[in-house]
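Asks: Starting from these lines, generate the structure:
(one chain, ligands or ions: 2)
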Amino acid sequence: MTSLNCLFCRIAAKKAAARIIYEDETCVAFEDIAPQAPVHFLVVPRKHIATTLELEDGDDALIGHLFRVANRIAGDKKISGRGFRMVMNTNPEAGQSVYHIHLHVLGGRPMRWPPG
Ligand code: 5GP
Ligand code: ZN
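Replies: Numbering: from 1, shown residues only. Ligands and ions are numbered 1, 2, ... in the order given. Sure, this is the predicted structure:
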């Protein structure tokens, strides 16, 4: 269910501005407003799901689709050969700040491990 109180629902519905890279009936991808790497975009389902903990049986294809869209955009942005990181933060200690799931895609510089 779309919520107009939710920032990423609003971006998906074009009620809030974002630099959208790609969209289809299932998801929207847009540039992160505070990029943490030369390439940093988010892939977000149109369906409002607050955290990964709320994923249901019927969402399996949706999650796969987010990763496949991320792969395709990473290819377009020429970072797939070098490598890139995909992250979904769940709840406060992981740093989740927007409670609508989103796949971070970061690249264009070497990534450290373990992450901070
Ligand atoms: P989280 O901290 O929940 O894992 O990630 C939220 C991400 O959303 C952050 O990287 C943050 O910079 C990004 N973000 C927050 N507000 C906006 C916004 O209004 N527009 C865009 N494009 N990104 C946002
Ligand atoms: Zn939402």
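Asks: can you list the residues that contact the longest strand belonging to the chain?
Replies: Counting by DSSP state E, the longest strand found in the chain is strand 39-45. Under the criterion CB atoms under 8 Å, 6 or more residues apart in numbering, residues 8, 11-12, 21, 26-32, 62, 66, 69-70, 73-74, 77, 79, 84, 100-108 lie in contact with strand 39-45. Just so you know, the C-beta spots here come from the backbone N, C-alpha and C atoms, and that holds for glycine as well.
Asks: Let's see that with 6 Å instead.
Replies: Here strand 39-45 makes contact (CB atoms under 6 Å, 6 or more residues apart in numbering) with 8, 21, 27-29, 31-32, 62, 66, 69-70, 77, 79, 102-108.
Asks: quick one, what contacts the nearest residue to Thr51 once chain neighbours are set aside?
Replies: In space, not counting the residues next to it along the chain, Thr51 is nearest to Thr90; the distance is 5.2 Å by CB to CB, 6 or more residues apart in numbering. Contacts for Thr90 (CB under 6 Å, 6+ apart) come out as 51-52, 96.
Asks: Now secondary structure and distance to ligand 1 too, for the residues you listed, in CSV please.
Replies: As requested, the contacts of Thr90 are exported to CSV (DSSP: H, G, I helix; E, B strand; the rest coil; distance: CB to the nearest ligand atom, whole Å):
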residue, secondary structure, distance to ligand 1
Thr51, coil, 9
Thr52, helix, 11
Gln96, coil, 4
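Asks: ok, of those residues, which one's closest to ligand 2?
Replies: Thr51 (11.1 Å; CB to the ion).
Asks: Which pLDDT value does the model give the closest one?
Replies: What the model reports as pLDDT for Thr51 is 98.
Asks: Could you do Asp57 as well?
Replies: On pLDDT, Asp57 comes in at 95.
Asks: Just give me the neighbour total for it.
Replies: As a burial measure, Asp57 scores 5 neighbours (other CB atoms under 10 Å).
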